[in-house]
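K.L.:
Build me a structure from this.
(one chain, ligands or ions: 1)
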Amino acid sequence: MKSIMLVTTNQGKVREVKKFFEDYNIITMADAKIDYNIEETGTTFEENAVIKVESIISYMEKKDTNQYLFMADDSGLEIDFLNKEPGVYSSRYLGEDTPYEEKNKIILERMEGVLWSNRTARFVCVIAIIAPNQKPIVTKGTIEGYIGFEAKGSNGFGYDPIFYINEETSLAELSAEEKNKISHRGKALSAMKLKIESEI
Ligand code: IMP
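P.N.:
Predicted coordinates for the structure are as follows:
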């Protein structure tokens with residue numbers, strides 16, 4: 001069984017990736033007792049995903065990195081009415097430590113009075129993997145939707161309660177399996193699974 005080290009501290013991402021890669025051994029930074037803060041200095045999802053895997057590999061230089069595939073996810077929400085904000089700054093937007101309940105409330109206030117047809121948004125996810133002595137492999141997935149008029153649902157994480165896939169349903173109302181079938185992350189992970197099976 002292949003072991004994948006998932007370079008993230010985001011438990012929402014860990015849950016969805018583990019659900020998707022049930023036939024792989026997914027190890028998190030916490031499992032490997034790695035406490036390392038990665039600076040996301042890129043300006044695109046692609047750059048940041050590769051920065052995450054490369055910086056963890058160089059941090060672990062003296063340890064045995066050959067046993068793992070290193071995988072990172074860089075993702076975010078683009079809201080058209082807000083000029084595609086928060087984009088690559090999604091986790092830092094309105095303050096890294098601000099609870100999402102609060103961030104979602106502020107976004108809904110900023111969108112007050114905006115018609116449904118102008119509330120379009122998308123989630124974007126880029127997955128990067130580096131296998132021992134190989135160049136990074138990158139895949140991307142997106143899901144189009146709308147910023148709802150209210151937050152609802154308690155599954156998922158982050159901006160899920162305000163991201164609607166149709167006029168009735170928010171992403172936070174779906175189970176992890178249902179979300180993975182249609183989400184940005186699910187699409188990027190499916191493409192990555194094919195590449196792992198054919199190229200690594
Ligand atoms: P990253 O760790 O820089 O990739 O930050 C990604 C951020 O984008 C997360 O912390 C969330 O704010 C947001 N995000 C990405 N994917 C999702 C998702 O599936 N649901 C809700 N929010 C997401």
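
K.L.:
tell me the secondary structure for the residue of the chain most remote from its centre?
P.N.:
Centroid-distance maximum for the chain: Gly113 at 29.1 Å, with C-alpha atoms, centre = their mean. State at Gly113, reduced to three classes by DSSP: H, G, I helix; E, B strand; the rest coil: coil.

K.L.:
any idea how far Phe81 is from it?
P.N.:
With distances taken as C-beta to C-beta, to the nearest Å, Gly113 is found 11 Å from Phe81. Placement of C-beta: from N, CA and C, glycine included.

K.L.:
cool, Gly95 as well?
P.N.:
Counting by C-beta to C-beta - Gly95 and Phe81 are separated by 21 Å.

K.L.:
Neighbour count: those two, which is higher?
P.N.:
Shown here are Gly95 and Phe81; by other C-beta atoms under 10 Å, Phe81 has more neighbours (16 against 10).

K.L.:
check contacts around that one.
P.N.:
Residues near Phe81 by C-beta atoms under 8 Å, 6 or more residues apart in numbering: 111, 114, 118-120, 147.

K.L.:
can we see that at 6 Å?
P.N.:
By C-beta atoms under 6 Å, 6 or more residues apart in numbering, Phe81 lies in contact with 114, 118.

K.L.:
sorry, back to before: torsion angles phi and psi at the residue farthest from the centre of the chain?
P.N.:
With angles defined as degrees, to the nearest 10, Gly113 sits at phi 80, psi 0.

K.L.:
pLDDT score assigned to it?
P.N.:
Gly113 carries a pLDDT value of 98.

K.L.:
same deal with Glu85?
P.N.:
pLDDT recorded at Glu85 is 98.

K.L.:
So what's the residue count around it?
P.N.:
That count, for Glu85 with other C-beta under 10 Å as the rule, works out to 17.

K.L.:
Which residue is the nearest non-sequential neighbour of it?
P.N.:
The shortest distance from Glu85 to any residue other than its chain neighbours is 6.1 Å, reached at Ile79 (C-beta to C-beta, 6 or more residues apart in numbering).

K.L.:
wait, is Asp31 part of a helix?
P.N.:
No: assessed by three-state DSSP, Asp31 does not belong to a helix; its assignment is coil.

K.L.:
Can you name the residues that contact it?
P.N.:
Per C-beta under 6 Å, 6+ apart, neighbours of Asp31: none.

K.L.:
Ok, the one 4 residues further on next?
P.N.:
Contacts for Asp35 (C-beta under 6 Å, 6+ apart) come out as none.
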